[in-house]
Structure formats: structure tokens, C-alpha cells
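Colleague: Quick one: sequence plus predicted model below, questions after.
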Amino acid sequence: NFELIQADLSEKFAFFPESVDVIIHAAAQPMRFGTEEDYRKNNVTASANIIEYARKAGAGKFIFLSSISVYGDVKEKIVDENTPISNPHPYGRTKLEVERLLEENKDNFAAVVLRLPGVVGKGAENAWLAAVLDSSLKNKEIKIYNPREKFNNVVHISDLCILVEKIVESEAKGFEVVTLGCAGPMGIEDAVKEIVEKTKSKSKITEEKSEKNSFTISYAKAKKLFGYEPMKLSDILEKYVAESTKE
């Protein structure tokens, strides 16, 4: 049983229950759409309101879906919770600001921050692999860079849901940040080829020169604290293509 309430969380609200056990905060202004003002209103202001509500409602746990974009310009080959933050996009900056608000409230409730890469599943739009799949289905050219670098920067929605359930049931205390990726990294070109082959696409894959750094993401802390066991990338690709092309 659940009740769906549509509202602008950046405005003060009084329609939520007087008490609540757990808050899972997934609402945000998508990175692809909006101005810096939009990010601040719909990410920071809205989140501050929800955090205030969590305090007043006696929430025991607050799970926040953050983003790997908080890191900005990544120089390392493996990203984890301790990777330095450098010049993040305004979207990433607002996500980081919300993380800090949660850390300030760690004595009021347990806060767990999930720094997410692209999330895929039927209907996904904002992940890089979603754009690859869309181009593949339309037989459009697919441009990539660093084709032989390893890639695991994706989470399937089913793995994310399982992890959230484990966190809800956990004895989490204080404030924790975890980075998430998938198991079984593949070369970037190999991953794209697999999508093209599975969709029987005529898309041409072309390599572009780029100075951008490619990296993989460690999920060791999430595994240790909450038993996170994600699918391999090859299994994610198979599942994602199948569910996205099923009529």
C-alpha cells in the first residue's frame, strides 16, 4: 500500500505524515536539464526542506541518492569515497551541498549517501548507456573515446533497489558515503559493441580523440557495509537491452 503525492518540494509542505521511519530521497533536477538556479532550487532547497521534515518527523534513517558527478574532473583511474573533488559541474556541486547538510544532521538520524553512476533499466534516459542504446536502436553513429579503457560506471535499477532495501534493514548509524558501480568491468568499445550486436543495429562505432580521463568505480565499501553485490556489466547489458526492446 502506498500513496502518491505530487508536490514542489522546494516549497514548504505540511502534507507528509507526522512521523516517519525512513526517507529515501531520489528527487532531483536532472543534470541534462536546467540552469544553476534550477539545480539550487530543486536540489538544495528541496533537500533542505526534506531534511527539516526528517528531523521533525523523527526519521531514523535517511537514504540520499547522490551522484558520481560530485567529483568533477577525475584524474584517478579508480574512483572511491576518498577521491579528490575538483571543479564539479553545478549539478554535482548542489548534490555535494546536500551531502554536507546530511552530515550536519548525523546526530538526528542515520544518513547514507549513494554516489551513483548512470542508472539503467526500462525507460532510463539520463545514463550514457541509455544514449548508446537509443542511437543503436535508431542505427545512428555512436562516438566513443578511450575505447580500450575499462568501464563499470553503471548500476541496474534492480540492484539499486536491492541495496536500498538492505540499507533500510541495516543498523546504519551516523553518516556514510558509498560509491557504486557494477561488477565485471568491460572495455568501453566492447560494451558498446555488445549493445549494437544485441539490438542487431547497423550503427557505426567511431573513436574520437579526447583528453578526458576514463575510470572505474570501486564499490568495496558498499559491499562491506551493506552487502552490495551488483550484476556483471555483461549481464546488465543483456537485461537492459531485453527489457528495453520487449514489446
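Modeller: Yep, that arrived. Residues are numbered from 1 along each chain as shown.
Colleague: Could you use CA atoms for every contact and neighbour count after this?
Modeller: Noted.
Colleague: which helices and strands does the helix ranked longest in the chain pack with?
Modeller: Taking DSSP state H as the criterion, the chain has its longest helix at helix 90-104. Applying 3 or more C-alpha pairs under 8 Å, 6 or more residues apart in numbering; DSSP states H and E, one finds that helix 90-104 makes contact with helix 36-39, helix 46-56, strand 61-67, strand 110-116.
Colleague: Asn152 is nearest to which of those?
Modeller: Shortest distance between Asn152 and the helices and strands packed on helix 90-104, using C-alpha to C-alpha, is found for strand 110-116: 11.6 Å.
Colleague: which residues are in contact with the helix or strand following that closest one?
Modeller: The element immediately downstream of strand 110-116 (helix or strand, assigned by DSSP states H and E) is strand 118-120. Residues from elsewhere that reach strand 118-120 (C-alpha atoms under 8 Å, 6 or more residues apart in numbering): Asn126, Ala127, Trp128, Leu129, Ala130, Asn153, Val154, Val155, His156, Ile157, Tyr240.
Colleague: and if we set it to 6 Å?
Modeller: With contacts defined as C-alpha atoms under 6 Å, 6 or more residues apart in numbering, strand 118-120 is touched by Ala127, Val154, Val155, His156, Ile157.
Colleague: hey, what's the second one bridged with?
Modeller: This points to Val154. Applying DSSP bridges to Val154 gives these bridge partners: Gly118.
Colleague: Got phi/psi on the most far-flung residue of the chain relative to its centre?
Modeller: Distance from the C-alpha centroid of the chain, by C-alpha atoms, centre = their mean, peaks at Lys202 (29.9 Å). Backbone geometry at Lys202, expressed as degrees, to the nearest 10, gives phi -100, psi 10.
Colleague: list the contacts for it?
Modeller: Asn139.
Colleague: What does the pLDDT read for it?
Modeller: Listed pLDDT for Lys202 reads 98.
Colleague: Can you list the buried residues in the least confident helix or strand in the chain by mean pLDDT?
Modeller: Lowest by mean pLDDT, DSSP states H and E among the helices and strands of the chain is helix 36-39, with a mean of 84. Within helix 36-39, the residues that count as buried by 16 or more other C-alpha atoms under 10 Å are Glu36, Asp38, Tyr39.
Colleague: on that earlier part again, switch the helices and strands packed on helix 90-104 over to JSON lines; also include distance to Val20.
Modeller: Shown next, in JSON lines, are the helices and strands packed on helix 90-104 (distance: least, C-alpha to C-alpha, whole Å):
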{"stretch": "helix 36-39", "distance to Val20": "27"}
{"stretch": "helix 46-56", "distance to Val20": "8"}
{"stretch": "strand 61-67", "distance to Val20": "9"}
{"stretch": "strand 110-116", "distance to Val20": "13"}
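Colleague: Among these, which comes closest to Phe16?
Modeller: Short answer: helix 46-56, nearest of these by C-alpha to C-alpha, at 8.5 Å.
Colleague: Show me how far that closest one is from its chain's centre.
Modeller: 21 Å (C-alpha atoms, centre = their mean, to the nearest Å).
Colleague: Buried residues in it, which are they?
Modeller: Buried residues in helix 46-56 (16+ other C-alpha under 10 Å): Ala46, Ser47, Ala48, Ile50, Ile51, Tyr53, Ala54, Arg55.
Colleague: What is the nearest of the residues you listed to Asn108?
Modeller: Using C-alpha to C-alpha, Arg55 comes nearest to Asn108 of those, at 6.3 Å.
Colleague: Identify the residue nearest that closest one in space, chain neighbours excluded?
Modeller: In space, and not counting its chain neighbours, Arg55 is closest to Asn108: 6.3 Å by C-alpha to C-alpha, 6 or more residues apart in numbering.
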